[in-house]
Every structure is written in structure tokens, then in C-alpha cells.
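Trainee: need a 3D model of the following:
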Amino acid sequence: MKNFRPAAMAIPILLIILLTTSGGKWPLPKDEDPSPYHSLLNEVATLVKSEYVEPVDPEVKMTGALIGLVKSLDQGSAFFSPEQTRHYELLRQGRLLGIGVCGQSRNGYFWISGVWPGSPAQKAGLQKGDLIKAVDGRSLYGLTHWAMLLALNTEKSQTLKIQIFREGAPKPEERVVQSGWVEPASSLERINHSRYRLRLTRIDRDAVERVAARMPRQKNLQLIIDLRGGGGGDRLSFQELTRQLLPAEKNMLLARKGGRESLGIGSPQHLECRKVVLCDASTVFYGELLAALFKKNQTALIGEKTSGLVSELKLFSLADGSSVLLTVGNFILDNQPIGPGGIVPTIDCNGKMAGELNRLIDAALAKK
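Mentor: This is a model prediction of the structure:
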């Protein structure tokens, strides 16, 4: 398989399109001393226009160029067509039906980092570690993280034919999955008289109110905070949740082009109890920020390294109904950016069975 890199081709393709649609004239503002970079691109684009064996279709190449250009920025940014823009808005509102997997781009395909228990994906035999190669015959290779997610979510329940690579398998396999999965709400579960599990699938107003209304304030309370398979939500809810669970923290900032903003994290009146946090590669966005804060406060972080998908994103609408999703802010803790490499747990349990994980949780909560 050829190692095609659309991001690397983005700017040259744009130049080709501009040349083919402007009579071969250089369309950028004239500069008495153009940089060698612009001169080289101009030279290559002129050669392609005059010598390439096939004609260039400006409409097709423009879309590919825009996708590649934005994708080259980071894994969170993306260019959406008008239809993808509509689907992204539905996904953000929780109005699309999924198959019950979490994941991210890896080796050019969609790598499954987690499968929800009882989901259509689990029933169809999909597993953590599978690479989704294609959906209904359409390859996912080289797509953005968001384009892959949108391919796995539908407006109505429908049958999807999913082709996967599985480690150790001699060839790709096909699974038939019925979409219809809706991400469960955050939950607070009582395990025994003193131990509770808080599962944060989304860090939103529902999660904040659930903690405020149902979290006990008893002595010897033990709290397992499960960040696996979640992390979406909104920033205000994230900040409010930290005030319930974490001490005051002045060194978390949001860095934008216009400067840095202190986020007002935590509170002196937070819930003080023994805590342990579970995370893995399916922990994203605000879940990763929570993992970073708990780790700084010396709470045991058990699991695997998080995804690295954490930044402030903003959707910009374009005139034709398409849009651009851009990273407009990065989160900083103690003058270090959070996210690009993921949050490394203090106790690694990659590949360990459930019984071993429970033993690690017991040991961490027993420490004074």
C-alpha cells in the first residue's frame, strides 16, 4: 500500500488549482523579494500544470487540498463538507447513533481504544485494538479523526459492514454491526457501604448535578473515578466539577493567540476522601484534563496512557455550508502543555485482567 500523505500535498495542490483556474498566472500578491519557499512551489505547480499527463479537476482537488491542509495542523482540527458539518453538529448534540466504540487515528485507520459493554460493536465481536479499515466499502485510510467518527455514526439505525484488521489474523475480517448505540449518561454507583464508582462518560451539567446531589459526605469514603470511554462535554461544567473534586489550582491556564487565561480550577471546599482514577487511550478532552489534575495532586492514576486528544476547539462556518474545526486554545499546567503525548498513569495496567485491576484499585485506596 502506498504511503499517501494528503497533508503533504495540500499546498501544492492548492497552487495547481489556482494556476489552472487563473490562466497560469501566479495569483498571490506580488512581492519584490519572494521567499524561496513560494518560488519553489510556483515552479513545481507550473511544471505539474504543463507536464502532468492527466487534467486536474479543480473541484475534486480543492476539497482534498483543504482537508489535507487543515489535517496537517493537529489531530483535532478538520475541514468538513456541508453534509459533514451537519453531521458533526448532530454528533456534538448527542443525536447520532453509534456502534459503541471509542478510538482514534492510528497507522492511518481507526484504532479501537475501547468497546462499550452491551453495545452493538461488542455483540458483533469488535475488540479493543482492532483497526477499522473500511465502513460499507469506503476506506477510512488517511481520513481525519472526526471523519472516521462520523463514518461510524448514523442519523437512523442502520446496518454497517465494517472491515477490520486484527493483530495475528492472516487477513482482514468483516463484521456486520447495527448502529443504534447512545452513549450512557454519567453515573454514580454504590459498590459497598463506603466505596463508590463515579463514571464520567461526559463532563457536562448532568455530571455536575449528579455529583452535587448524590455524592455522600461520609467518613472513610472511597471514590473510584472512571474516566475511560469519556471526556466530552463543556468547559464550564469541567471547571465546576473540579471545584467539587479537587483542591484549588492556580496553575492551569488556557493559552490562546490573544494571551493566557487562568481557569479557576478546584476549591478549598472540595470533597476530601480517598480517590483513585481509571484512565486509558479512550480517555479524551476534559477527561484528560481531569487525569492531569488528579495526577498532580498525587491521586493514584491507574490504567494506560490517555489519547492526547485535548484542546479547545471552535467550529467556523464557511459561505458554502462547509466548515473548519480548529484548535483555538491549548491547556497549560505548571507551564507545560497538556495532551500532545497523553497523560501517563502512575500505575500501568496495560493488558492486565479485571481481577488484577481490582487488586490495584484496592491497594491504592488502602494507602493513607
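Trainee: next, count neighbours for residue 176.
Mentor: Applying other CB atoms under 10 Å, we find 11 residues neighbouring residue 176. In short, each C-beta sits where N, CA and C put it, glycine included.
Trainee: can you check residue 162 too?
Mentor: For residue 162, using other CB under 10 Å, the count is 24.
Trainee: nearest residue to the spatially most central residue of the chain in space, please, no chain neighbours.
Mentor: Residue closest to the average C-alpha location in the chain (CA atoms, centre = their mean): residue 309, at 4.3 Å. Among residues not flanking residue 309 along the chain, residue 284 sits closest, at 4.3 Å (CB to CB, 6 or more residues apart in numbering).
Trainee: and the one you found, what's its pLDDT?
Mentor: Note for residue 284: predicted pLDDT of 92.
Trainee: mind listing what it touches?
Mentor: Contact partners of residue 284, counting by CB atoms under 8 Å, 6 or more residues apart in numbering, are 102, 104, 230-232, 306-307, 309-310.
Trainee: enumerate every residue touching the residue nearest to the centre of the chain.
Mentor: Residue 309 touches 75-76, 104, 145, 231, 284-285, 288, 339, counting by CB under 8 Å, 6+ apart.
Trainee: how close does it get to residue 164?
Mentor: 21 Å (CB to CB, to the nearest Å).
Trainee: hmm, which of the contacts of residue 309 is lowest in pLDDT?
Mentor: In terms of pLDDT, the weakest of those is residue 339, which scores 75.
Trainee: for residue 171, see how far away that one is.
Mentor: From residue 339 to residue 171 the distance is 36 Å (CB to CB).
Trainee: who's more crowded, those two?
Mentor: Taking other CB under 10 Å, residue 339 and residue 171 do not tie; residue 339 has more neighbours (22 against 6).
Trainee: isn't that one right next to residue 287, touching?
Mentor: No: counting by CB atoms under 8 Å, residue 339 sits too far from residue 287 to count as a contact (11.1 Å).
Trainee: quick check: which ranges of the stretch 1-150 of the chain have low pLDDT?
Mentor: 1-38, 41, 45, 48, 56-62 (pLDDT under 70).
Trainee: show me where it has helices.
Mentor: Secondary structure of the stretch 1-150 of the chain by DSSP state H, counting those that start in this stretch: the helices cover 6-20, 36-51, 58-71, 82-92, 120-123, 145-151.
Trainee: swap in the stretch 151-300 of the chain?
Mentor: 205-214, 235-245, 285-296.
Trainee: tell me the angle of the shortest one relative to helix 285-296?
Mentor: Per axes from the mean of the first three to the mean of the last three CA atoms, to 10 degrees, the angle that helix 205-214 makes with helix 285-296 is 50 degrees.
Trainee: neighbouring contacts of helix 205-214?
Mentor: 185-188, 198, 200, 233-234, 237, 240-241, 244-245.
Trainee: redo that, cut-off 6 Å
Mentor: Outside helix 205-214, the residues that touch it by CB atoms under 6 Å, 6 or more residues apart in numbering are 185-186, 188, 200, 237, 240-241, 244.
Trainee: top strand in this protein by residue count?
Mentor: Longest among the strand segments of the chain by residue count, using DSSP state E, is strand 323-333.
Trainee: what about residue 267, neighbour count?
Mentor: Residue 267, neighbours per other CB under 10 Å, totals 16.
Trainee: dump the residue contacts of it.
Mentor: Neighbouring residues of residue 267 by CB under 6 Å, 6+ apart: 243, 248.
Trainee: could you measure from it over to residue 49?
Mentor: Counting by CB to CB - residue 267 and residue 49 are separated by 62 Å.
Trainee: what do you get for residue 107?
Mentor: Distance from residue 107 to residue 49, by CB to CB: 34 Å.
Trainee: those two: which is more packed in?
Mentor: residue 49 (16 against 9).
Trainee: could you measure that one against residue 72, distance?
Mentor: To residue 72, residue 49 is 23 Å away according to CB to CB.
Trainee: just give the closest residue to residue 350, not the sequence neighbours.
Mentor: residue 304 (4.8 Å).
Trainee: and residue 356, by the same measure?
Mentor: Nearest residue to residue 356, sequence neighbours excluded (CB to CB, 6+ apart): residue 349, at 6.6 Å.
Trainee: again, but for residue 308
Mentor: Using CB to CB, 6+ apart, the nearest residue to residue 308 is residue 342, at 4.2 Å.
Trainee: still on that earlier bit, turn the contacts of residue 284 into CSV, columns for distance to residue 154.
Mentor: Shown next, in CSV, are the contacts of residue 284 (distance: CB to CB, whole Å):
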residue, distance to residue 154
102, 17
104, 20
230, 21
231, 22
232, 18
306, 27
307, 23
309, 22
310, 27
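Trainee: which of those residues has the most neighbours?
Mentor: Across the contacts of residue 284, neighbour numbers were computed from other CB under 10 Å; residue 306 holds the maximum, 31 neighbours.
Trainee: care to break the protein down by domain?
Mentor: Residue ranges for the domains of the chain, per automatic domain parsing: 6-71, 95-178, 187-366.
Trainee: that older thread, can you list the helices of the stretch 151-300 of the chain in TSV and add mean neighbour count and distance to residue 279?
Mentor: What follows is the helices of the stretch 151-300 of the chain, written out as TSV (neighbours: other CB atoms under 10 Å; distance: least, CB to CB, whole Å):
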stretch	mean neighbour count	distance to residue 279
helix 205-214	16	16
helix 235-245	20	15
helix 285-296	24	5
